[in-house]
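**Q** I need the structure of the sequence given here:
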Amino acid sequence: MSAFSQVLREREKKSKEEQGIILHHHHHKAAHVSLPLPLDTETQGLVIIATKRLFGSYLVNLVEGKHHAITKKYKCLVCIKSPEAMLGLNDLQESRRIVQHFYHHNPTHKHHTNFVTDIPKNHNAHEYGRCQLRIAHIGTNHGLYAANVTSDTSIGDAHLAQRIWGLGVQNHSKTPAEDLGISYVAQLELEQIVDAEQLHLHLNTASRLTPQQLICGQMAALGFPLVGDSVHGGGTSEVWGHRHGWNRLALQCCEWSFPEPYWSEPVSSVAKSDEKVDANSIESADSNEKEKDSDWNVVTKAKQKELKKATSKDSGSTAEGHHQNGTRQLLASAANRCAFRLNEAWWNPLLDEYHVEGFPEMASEIHQ
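**A** A predicted model of the protein is given here:
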């Protein structure tokens, strides 16, 4: 704080005191904000923010449970080399087949991870992790199945490749698609399948890959690297703004879905707690019986002190009525689910503009 700012603050404070305004300093409890299920560094899209510790723990327990109840979908822009490869991609989508790979990751060489469909016979199966995904949809919301990114001016927008990969320091070529051997790009919607009982069962923490790494590796193993994934042949997508440039990966978390949480019914009595208190505490509890809420159990002053110490690490849970003695719990609903979805990605405006310019007869349908 500069000296000038400090003088202004002191002058304002003195002015309020002269006017009879009493300044009170309230010590508010700090708000809790956490990311129980964070996204990877280069992945964009939806992020779940927990403002209560109980909700954050609830989500983490769903992930670590035997039955993985959280569904997460991604959108990505993949590179396609030929029309024949596009047909194979279409077969995977129509059959809704689960694509499975095994990977062997060396922590010392993070860019050297092999994705194979079967574990070699002479290799130890415990050194491999398993990953699965399903292609749910191909194409944009406006009906564009794939876009030609070659520099041929007779097909669509010849500058689409330059808009996707950029013309920065690394991508100074005017034909970035041809340089990468790519003819088309297509938007995919993927669903990552997580098997909590077998996924990473024998791998140590250092050998595990993030969801972003798994998607990039699997799609590259299928022959469709993601735009911006320079490790697997997707090139470097650069974007510039305010004299700064950065690389971007065409991967976005577009949907979260998990069971709707609900509070369990409160326990009608706390007989176990009453057995441990002394006679004075029992008399105190009896005197406060009239003030007892119909939905909650009255806890004696002695027991309240014990609970306050036990729940000091989770102060927000007491305010919500969730005590660590099991009075209430946050459970997962079997019938209802919470779903959040994001339909637009950073590459959608580029594809929509290509769709309009390349196919003028469809422009009216897009804007309806």
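
**Q** residue ranges for the strands of the stretch 151-300 of the chain, please.
**A** 184-193, 237-241, 244-248, 251-263 (DSSP state E, counting those that start in this stretch).

**Q** Kindly indicate whether Leu39 is helix, strand or coil.
**A** When states are read from DSSP: H, G, I helix; E, B strand; the rest coil, the local structure at Leu39 comes out as coil.

**Q** Sketch out the low-pLDDT regions of the stretch 251-368 of the chain for me.
**A** For the stretch 251-368 of the chain, applying pLDDT under 70 flags the ranges 266-327, 356-368.

**Q** winner for burial among the strands of the stretch 151-300 of the chain?
**A** When neighbours are counted by mean count of other CB atoms under 10 Å, the highest per-stretch mean among the strands of the stretch 151-300 of the chain falls to strand 184-193, a mean of 20. For every residue, glycine as well, the C-beta is placed using N, CA and C.

**Q** on contacts alone, who are the packing partners of that strand?
**A** strand 71-80, helix 83-95, strand 129-138, strand 147-148, helix 211-222 (3 or more CB pairs under 8 Å, 6 or more residues apart in numbering; DSSP states H and E).

**Q** Pull up the pairing partners for that strand, direction included.
**A** strand 71-80 (antiparallel), strand 129-138 (antiparallel), strand 147-148 (antiparallel) (DSSP bridges).

**Q** Would you mind saying which of these lies nearest Asp229?
**A** Between Asp229 and those, the tightest spacing by CB to CB is seen for strand 71-80, at 8.7 Å.

**Q** which residues sit against the closest one?
**A** For strand 71-80, the surrounding residues in contact (CB atoms under 8 Å, 6 or more residues apart in numbering) are 43, 45, 86, 89, 136, 146, 164, 180, 182-192, 211, 215, 219, 224-227, 233-235, 250-258, 345, 347.

**Q** Helices along the chain, start to end?
**A** Under the criterion DSSP state H, the chain carries helices at the ranges 3-18, 53-64, 83-95, 160-165, 176-180, 211-222, 271-276, 279-287, 301-310, 315-319, 348-358, 363-366.

**Q** can you pull the contacts of the residue lying closest to Glu127 once chain neighbours are set aside?
**A** The spatial neighbour of Glu127 that comes closest, neighbours along the chain excluded (CB to CB, 6 or more residues apart in numbering), is His104 at 5.9 Å. Residues in contact with His104, defined by CB under 8 Å, 6+ apart, are Thr113, Asn114, Val116, His123, Glu127, Tyr128, Gly129.

**Q** can you pull up the bridge partners for the last one?
**A** Going back to what we said before, that points to Gly129. Tyr103.

**Q** pLDDT score for Glu64?
**A** For Glu64, the model assigns a pLDDT of 76.

**Q** ok, it - how many residues close by?
**A** Residues within reach of Glu64, counting by other CB atoms under 10 Å, total 9.

**Q** Alpha carbons of stretch 30-45, as PDB, please.
**A** This file holds the C-alpha atoms of stretch 30-45, laid out as PDB (Å, rounded to 0.1, in the frame of the first residue of the first chain):
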ATOM      1  CA  ALA A  30     -13.700 -18.100   5.700                       C
ATOM      2  CA  ALA A  31     -15.700 -19.600   2.800                       C
ATOM      3  CA  HIS A  32     -14.800 -23.100   1.700                       C
ATOM      4  CA  VAL A  33     -14.100 -23.500  -2.000                       C
ATOM      5  CA  SER A  34     -12.500 -26.600  -3.500                       C
ATOM      6  CA  LEU A  35     -12.300 -28.600  -6.800                       C
ATOM      7  CA  PRO A  36     -13.000 -32.200  -5.800                       C
ATOM      8  CA  LEU A  37     -12.800 -33.400  -9.500                       C
ATOM      9  CA  PRO A  38     -10.400 -31.000 -11.200                       C
ATOM     10  CA  LEU A  39      -9.700 -31.100 -15.000                       C
ATOM     11  CA  ASP A  40      -6.300 -31.500 -16.500                       C
ATOM     12  CA  THR A  41      -4.200 -28.500 -17.300                       C
ATOM     13  CA  GLU A  42      -5.000 -28.300 -21.100                       C
ATOM     14  CA  THR A  43      -8.600 -29.500 -20.900                       C
ATOM     15  CA  GLN A  44     -11.300 -26.900 -21.000                       C
ATOM     16  CA  GLY A  45     -14.900 -27.100 -20.200                       C
END
